[in-house]
Every structure is written in structure tokens, then in C-alpha cells.
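> what follows is a predicted protein model with its sequence.
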Amino acid sequence: MGVLPLLTFEPVFQPYVWGGRRLAEWFATAPRDGPVAEVWLVSDEEKFPTRVAAGPFAGQTLRQLSERFAERLIGHGRWSRFPLLLKLLDAQQPLSVQVHPNDEQAGAGRQGKTEAWYILHAEPGSSLYAGFQPGVTPPLVHEALARGTLADLLHRIDVRAGDCVFLPAGTVHALGAGLLLFEIQQTSDITYRLYDWGRPRPLQVDEALACIDWTRGPIAPCRPTDGLLVDCPYFRLWSHRLDRPTHLGAEGECRILVTVGGQGQLHDGSQEYPLQPGSAWLIPAERGTVKCHPMGEVTLLECGLPKRS
């Protein structure tokens, strides 16, 4: 066949109890009632893979495409699975305080979980936690866990729309209530709960403590107005606020464009692809760049793999 087309996937809806209904307004296929806590836009995670929504590959999973087309789809490097997992989250209640392992700690055949959050909306007074305050040591954490006062040791950040927080594996973190956000992460679903605000859910305290990077202190958000937000060994993330036609993507690299505000279209030769809040279009590596035509103004997040070494 010819060059691979742009791909979009059927979203996977996660009805966790801490979610709200804001994301349901973005997706016609969302459940009619109950919480929509997360929407998995692009996933090769074993339990919840996404499937192509339309076109010649409709119904096929991202894993099937990755195995079939490999470098044509993903680009340089050797990947056992598609390496990025992209989500939208609606936190109406605080999430647990948790830690994710790095690649080595995750074990053979599994990836760790380094991630980044891009805040789409924050209710007044909303905050999140990222890292410990300066000077926190393991004995202090053990004592706080016994007393139920772990939150006193966490670094709290008051956030607003447009903030981006980068969370390397091993960082203690938690989302507060009233946040709508986008998440980019390694393809992993390994989470160890350290503390859950007194709720009666299972904790994995020993595993969490073993994964903590004790050399890392408070995490500060980055607040650029546009451009490159994160450049790490696992992914890159850009934000674009566009009001005129612009080329996006890169030759020989897989990129994913996620619309988080406004509307527009992507033009790829004779094909047009709609942009609206929640849409995610994967540009195969062999495709190169595409042209974005905003309708007024559109805000996009562009996700890519690390630079070729």
C-alpha cells in the first residue's frame, strides 16, 4: 500500500470514582451516566488498547499496527510496543498519593512510568502535589504515614490552565480536586499508592517507598506560553496556539496532535481531518508534516518520541 494515512482511535473511557462528567461533553461515544475519570486517546497498554476508529485499518489495535508497520509508523528505534500512552483526566476528587517505578524497577519486559501533566482547566483554589518538600527523609515519611499526616511533607502547587508539570519516575505526586488535564506518559500502568487521604482502598506502601527517588525535591511547573514544554529520554511535548495555517509534525518522526481548545482541520494532500476538543491524530513517521488550518484559534498539544541519538 501507499503511505500510511493519519490515524485516530476509539477512546477508552475509565469510570473511576474520582471522575466527573466534563469529558463526556467532548465525546459522542462517552457513557451517558456515571463518572468519566479518564479518556485513553492512544494506548498500547495490554489491558486497554485503543483501536483505529475509521479508514482502511478500522478496528485494528495500535499493537497490531505497530507490529505490522514498525518503523514506518513509529520511526527510529526498536520498540516492543508503542511507547506512549496519552490520556485526558477529569479529577473531581483528589487522587491518591502515588509513585511509579522507573524502567529498571518495573521488571523485565515492562516499562516504568515517567509522565507529564498539562493543565486544561483548574477550579479556583485547585492544586496538585509534586515531590517532597526540602529536607524530607525516609524516617520522616514513615512517621507521617503512621500519623496520617503525609500531606504535610508534600510540595503543593497552585496551578492554572496552561501549566505543565513534568514527573520523572520515582516522584511522589497526587492530583487535587477540580482539575481537567492532559497526560503523556510511557506505556505503563504500574501505580503504587502510598497514601489515600483516609479512604479504604488498598495501598502498596512498601513498593512505593522502594521506588521513591529520594534525591528529588519539589517539582516546579513550567509556564511557557507556547512551544517545547518537555524534552526527556521518553517523550517530547509541545503546545501550539494557532490562528493561521501552520505545518506541524516532522520528517521521519511519529507525532500525535491532540486538540484541547478550538477547532480546525488538518490537510494532508487531498484528505482533511477534523480538529475539535479531544481529537487525537497520529501522524505516521513516514508521512512527515501536515498543515493545520485553524477555524479562528485552535490549541494543540504535539507529542513525539525522543530525538534520535
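Received it, and whenever you're ready, just let me know what you need. Numbering: from 1, shown residues only.
> next up, the contacts around residue 285.
Contacts of residue 285 were listed using C-beta atoms under 8 Å, 6 or more residues apart in numbering, and they are 71, 72, 73, 74, 75, 76, 252, 253, 254. Backbone N, C-alpha and C define where each C-beta goes, glycine included.
> can you rerun that using 6 Å?
Applying C-beta atoms under 6 Å, 6 or more residues apart in numbering, we find residue 285 in contact with 75, 252, 253, 254.
> what do you get for residue 208?
Contact analysis of residue 208 by C-beta under 6 Å, 6+ apart lists 99, 192, 194.
> residues near the first one, how many?
Per other C-beta atoms under 10 Å, the neighbour tally for residue 99 reads 25.
> name the nearest of the contacts of residue 208 relative to residue 178.
Proximity to residue 178 was ranked across those by C-beta to C-beta; first place goes to residue 194, at 21.9 Å.
> pretty sure the closest one is touching residue 100, no?
No. The pair residue 194 / residue 100 is not scored as a contact, 11.1 Å apart, by C-beta atoms under 6 Å.
> okay, these two: which has more neighbours?
Using other C-beta under 10 Å as the criterion, residue 194 and residue 100 rank with residue 100 on top: 27 against 23.
> tell me how far the more buried one lies from residue 137.
Taking C-beta to C-beta, to the nearest Å as the measure, residue 100 falls 21 Å from residue 137.
> likewise for residue 297?
From residue 297 over to residue 137 the distance is 48 Å, taken as C-beta to C-beta.
> again with residue 123
34 Å.
> do the same with residue 235
31 Å.
> contacting residues for residue 242?
Residues in contact with residue 242, defined by C-beta under 6 Å, 6+ apart, are 292, 294, 298.
> which parts of whichever helix or strand the last one is part of are buried?
Pointing back at residue 298 there. Here residue 298 sits within strand 289-304, counting by DSSP states H and E. Neighbour counts using 16 or more other C-beta atoms under 10 Å place 290, 292, 294, 298, 299, 300, 301, 302, 303, 304 of strand 289-304 among the buried residues.
> neighbouring strands - and their directions - for it?
Strand 289-304 has its sheet partners listed here by DSSP bridges as strand 236-242 (antiparallel), strand 246-249 (antiparallel), strand 255-268 (antiparallel).
> which residues are in contact with it?
For strand 289-304, the external contacting residues (C-beta under 6 Å, 6+ apart) are 182, 184, 236-243, 245-249, 253, 255-268, 275, 283.
> to the chain's geometric centre, what's the distance from it?
Strand 289-304 has its average C-alpha position 18 Å from the chain's average C-alpha position, going by C-alpha atoms, centre = their mean, to the nearest Å.
> and if you look at stretch 247-255?
19 Å.
> what about that stretch, start to end distance?
Between the opening and closing residues of stretch 247-255 there is a gap of 12 Å (C-alpha to C-alpha, to the nearest Å).
> contact partners of that stretch?
Counting contacts by C-beta under 6 Å, 6+ apart, the residues outside stretch 247-255 that touch it are 74, 75, 283, 285, 288, 289, 290, 291, 292, 302, 304.
> what do you get for stretch 118-126?
159, 160, 161, 163, 164, 176, 178, 179, 180, 181, 182, 260.
> any of the contacts of strand 289-304 buried? List them.
If you count burial by 16+ other C-beta under 10 Å, the buried members of the contacts of strand 289-304 come out as 182, 184, 236-240, 242, 246, 248-249, 253, 255-260, 262, 264-266, 268, 275, 283.
> pop the domain breakdown of this structure in here.
Taking automatic domain parsing as the domain assignment, the ranges for the chain are 9-224, 228-304.
> convert the helix of greatest length in the chain to PDB, retaining C-alpha atoms only.
As far as residue count goes, and with DSSP state H defining each element, the longest helix of the chain is helix 138-147. Output in PDB follows, covering the C-alpha atoms of helix 138-147 (Å, rounded to 0.1, in the frame of the first residue of the first chain):
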ATOM      1  CA  PRO A 138      12.600   8.200  54.800                       C
ATOM      2  CA  PRO A 139      12.200   8.300  58.600                       C
ATOM      3  CA  LEU A 140      10.100  11.400  58.400                       C
ATOM      4  CA  VAL A 141       7.900   9.700  55.800                       C
ATOM      5  CA  HIS A 142       7.500   6.600  57.900                       C
ATOM      6  CA  GLU A 143       6.500   8.700  60.900                       C
ATOM      7  CA  ALA A 144       4.000  10.700  58.800                       C
ATOM      8  CA  LEU A 145       2.400   7.600  57.300                       C
ATOM      9  CA  ALA A 146       1.900   6.200  60.800                       C
ATOM     10  CA  ARG A 147       0.200   9.500  61.900                       C
END
